[in-house]
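1. need coordinates for the below:
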Amino acid sequence: MHVSLDSALGRQRRLNSVGESVLQIAPNASAAYSLRSLTGGDPRVVRVRRDTGGGAGDNDEQDFTASGISSGALVAFVGSGNDGFVETWYDQSGNSEDAVQETAGSQPKIVNAGDLVVLSGVPALSFDGSFFAATGFAFSPSGDFLAVTVSKISTGNLIDTRDGGSDGFFIQQGSSDVRYRYNGDGSIDVSGNNQHIISTVELNGTTLTAYKDGSSAGTDTVTAGLSTTEALSIGKVAFSSANTVSGSVQEVILYATDKSANRVALETNINSHYSIF
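-> Okay, here's the model as predicted:
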């Protein structure tokens, strides 16, 4: 979906001016990706490559902060009628776990024919067989953890931390459900195919719980501890090229600690920005 730049950016400015940021509400994230500020400041959020079809500035790249998107600077850089693709989705957690895609044909799109890509009026990344990888990412919640995503996808693995087989955690979109899978031991299916949702999953002790738009959507009991993983993929299986995502993604936040006390506040903050539920 595409809307006018003035409409999209006006709404974003209003929402960004209200309340605490995500990382003020719940600090110490393992990784945090968004097109808005999650820090309360004006962090660098994306590195964008412009495709001018062989014209001036073709394949030039530039970094943009959250305000660079909301001010229209990103769209101005890409240029009228051109496409813009994200080479790096910067990690705002402070851990430098940047999600990178150097292959042009696999980069998610952020500007389409001169228009900012949006989902429900808010900037988004469009995935169509594209994906990111954060190489060396050590998401190793041997105990409690929490993951929050904002997306609307029809197929593919939204996030995947596995370094092979079932050892890790992933969120997968099936033909009708969102599947949350932990270490080959816990699995929860939630209705949500091709829906714009705030998707949360947390592990507390041996209980894996999934939430859709702030409401509990299922639990499972797990027994296996999660060993250190060595890769984070956004948009496909981490250890292969399988299950690439089709759809739009706006936010991915991961914690390797218990954040159950902050979950409602996090979801409230996210919903105040995206107006999903």
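
2. give the next helix or strand downstream of the strand ranked longest in the chain.
-> Scanning the chain for the strand with the most residues, using DSSP state E, yields strand 145-160. Sequence order places strand 169-173 as the next helix or strand after strand 145-160, per DSSP states H and E.

3. tell me which other helices or strands that following strand touches.
-> Here strand 169-173 touches strand 145-160, strand 177-182, strand 197-204, going by 3 or more C-beta pairs under 8 Å, 6 or more residues apart in numbering; DSSP states H and E. In this view, the C-beta of every residue, glycine as well, is placed from N, C-alpha and C.

4. could you list the buried residues of the first one?
-> I take that to be strand 145-160. The neighbour-count check on strand 145-160 (16 or more other C-beta atoms under 10 Å) flags 145-153, 155-160 as buried.

5. any regions of the stretch 101-250 of the chain where pLDDT drops low?
-> Applying pLDDT under 70 to the stretch 101-250 of the chain flags the ranges 138-142, 224-230.

6. quick one on the thing from earlier: could you dump the helices and strands packed on strand 169-173 to CSV with distance to S240?
-> Shown next, in CSV, are these (distance: least, C-beta to C-beta, whole Å):
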stretch, distance to S240
strand 145-160, 10
strand 177-182, 15
strand 197-204, 22
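
7. show me the contacts for T223.
-> By C-beta atoms under 8 Å, 6 or more residues apart in numbering, the contact set of T223 is 185, 206.

8. ok, now how distant is it from N183?
-> From T223 across to N183, the span is 9 Å (C-beta to C-beta, to the nearest Å).

9. then N82?
-> The spacing between N82 and N183, counted by C-beta to C-beta, is 43 Å.

10. same question, Q92
-> 27 Å.

11. higher neighbour count, the two?
-> Q92 (26 against 23; other C-beta atoms under 10 Å).

12. my read: that one touches R36, true?
-> No - using C-beta atoms under 8 Å, Q92 is not in contact with R36; the gap is 9.5 Å.

13. overlap in contacts, the two.
-> Both Q92 and R36 are in contact with V45, where contact means C-beta under 8 Å, 6+ apart.

14. give the rounded mean pLDDT of stretch 40-48.
-> In this model, stretch 40-48 has an average pLDDT of 98.

15. for L125, what are phi and psi?
-> The phi and psi values for L125, taken as degrees, to the nearest 10, are phi -110, psi 130.

16. quick check: beta-bridge partners of it?
-> Taking DSSP bridges as the rule, L125 bridges to V249.

17. how far off centre is the one helix or strand V48 maps to?
-> For V48, the host element (DSSP H and E) is strand 44-51. Remark: strand 44-51 is offset 16 Å from the chain centroid, using C-alpha atoms, centre = their mean, to the nearest Å.
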